[in-house]
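**Q** Would you be able to build a 3D model of this:
(chains A and B)
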Amino acid sequence: GENVEQHPSTLSVQEGDSAVIKCTYSDSASNYFPWYKQELGKGPQLIIDIRSNVGEKKDQRIAVTLNKTAKHFSLHITETQPEDSAVYFCAGSSNAGGTSYGKLTFGQGTILTVHP
Amino acid sequence: DAGVTQSPTHLIKTRGQHVTLRCSPISGHKSVSWYQQVLGQGPQFIFQYYEKEERGRGNFPDRFSARQFPNYSSELNVNALLLGDSALYLCASIRSLAAYEQYFGPGTRLTVT
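**A** Numbering: from 1, shown residues only, chains lettered A, B, ... in the order given. Below is the predicted model:
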């Protein structure tokens, strides 16, 4: 089955700096890659996603890049703010074999701390 | 529109007991997926249901079961609880079988003593 590895496990930055989180996946059939932000005591919140037919996607201060050949994808947050502090998870999914995207395989998470 | 709702918020059970967790998806969404999130780890897929039918199952023992009702709400049942079942149980709402996005509820925190 799919395996998703995420690095780093913790990331500390100063307000205004950029933050980058990287993930690799093992199943070449995976073709959908969402990123989630989880704050303490809450469920994961979908912040951005990318499909395998696109190499890069941007939404304001957040961007995601995908390299299908190398099987890795990254989350980039620019101009970080203290409210960006949370745990971030990458995930992968596939609809290969007529299945749906209902099964997400998650990375281990990155604790991002943005210092004012 | 209300988001994904889950009940109860917290639950404490004793080893060997059974538990039922409930989820209501976003209005108009017809599929739910269940995940277990152990402290400090990413969520792990347990089940997906669509139109009352199981459409996917993760690597969990038969003590875990689920069902979906005609109004698309869902229940997750766990029998013969073990200490290792202590976790945050998350429900994700999905619009349809072809949809990509999953929207999570706040979860149910289960503690087994």
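**Q** Buried ones in stretch B:86-102, by neighbour count?
**A** Under the neighbour-count criterion of 16 or more other C-beta atoms under 10 Å in any protein chain shown, stretch B:86-102 has B:86-95, B:97, B:100, B:102 buried. Placement of C-beta: from N, CA and C, glycine included.
**Q** Quick check: B:K13 vs B:N79, distance?
**A** Distance of B:K13 to B:N79, given as C-beta to C-beta, to the nearest Å: 11 Å.
**Q** per-residue confidence averaged over stretch B:13-23?
**A** Per-residue pLDDT values across stretch B:13-23 average out to 98.
**Q** Run the contact check for it versus chain A.
**A** No: legend: contact between stretch B:13-23 and chain A by C-beta under 8 Å from any C-beta of the partner chain is lacking; minimum distance shown is 10.9 Å.
**Q** Can you report how many residues neighbour residue 36?
**A** As the question left the chain open, I've gone with chain A. 25 (other C-beta atoms under 10 Å in any protein chain shown).
**Q** Sorry, I should have been clearer: chain B.
**A** Neighbour number of B:Q36 under other C-beta under 10 Å is 22.
**Q** Check what pLDDT it gets.
**A** Confidence for B:Q36, expressed as pLDDT, is 98.
**Q** Might you report the residue contacts of residue 60?
**A** No chain in the question, so chain A it is. Counting by C-beta atoms under 8 Å, 6 or more residues apart in numbering or on different chains, A:Q60 touches no other residue.
**Q** my bad, chain B
**A** B:36, B:46.
**Q** so what's the backbone phi/psi at it?
**A** Backbone torsions for B:F60, taken as degrees, to the nearest 10, come to phi -130, psi 150.
**Q** Can you give me the neighbour number for B:Q6?
**A** Around B:Q6 there are 21 residues (other C-beta under 10 Å).
**Q** So what touches the helix or strand hosting it?
**A** Using DSSP states H and E, B:Q6 sits in strand B:5-7. Outside strand B:5-7, the residues within contact range by C-beta under 8 Å, 6+ apart are B:21-24, B:89-91, B:105-108.
**Q** which of those has the most neighbours?
**A** Going by other C-beta under 10 Å, B:C91 tops the contacts of strand B:5-7 with 30 neighbours.
**Q** Show me what that residue is bridged to.
**A** B:W34 (DSSP bridges).
**Q** can you give me the strands in chain B?
**A** For chain B, the strands defined by DSSP state E cover B:5-7, B:10-13, B:19-24, B:31-37, B:44-50, B:53-57, B:64-68, B:74-78, B:87-94, B:103-104, B:108-112.
**Q** CA atoms only for the last one, dumped as PDB, please.
**A** Coordinates of the C-alpha atoms in strand B:108-112 are reproduced here as PDB (Å, rounded to 0.1, in the frame of the first residue of the first chain):
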ATOM      1  CA  THR B 108     -14.400  12.200  19.200                       C
ATOM      2  CA  ARG B 109     -11.700  11.700  21.900                       C
ATOM      3  CA  LEU B 110     -11.900   8.200  23.200                       C
ATOM      4  CA  THR B 111     -10.000   7.200  26.300                       C
ATOM      5  CA  VAL B 112      -9.900   3.500  27.300                       C
END
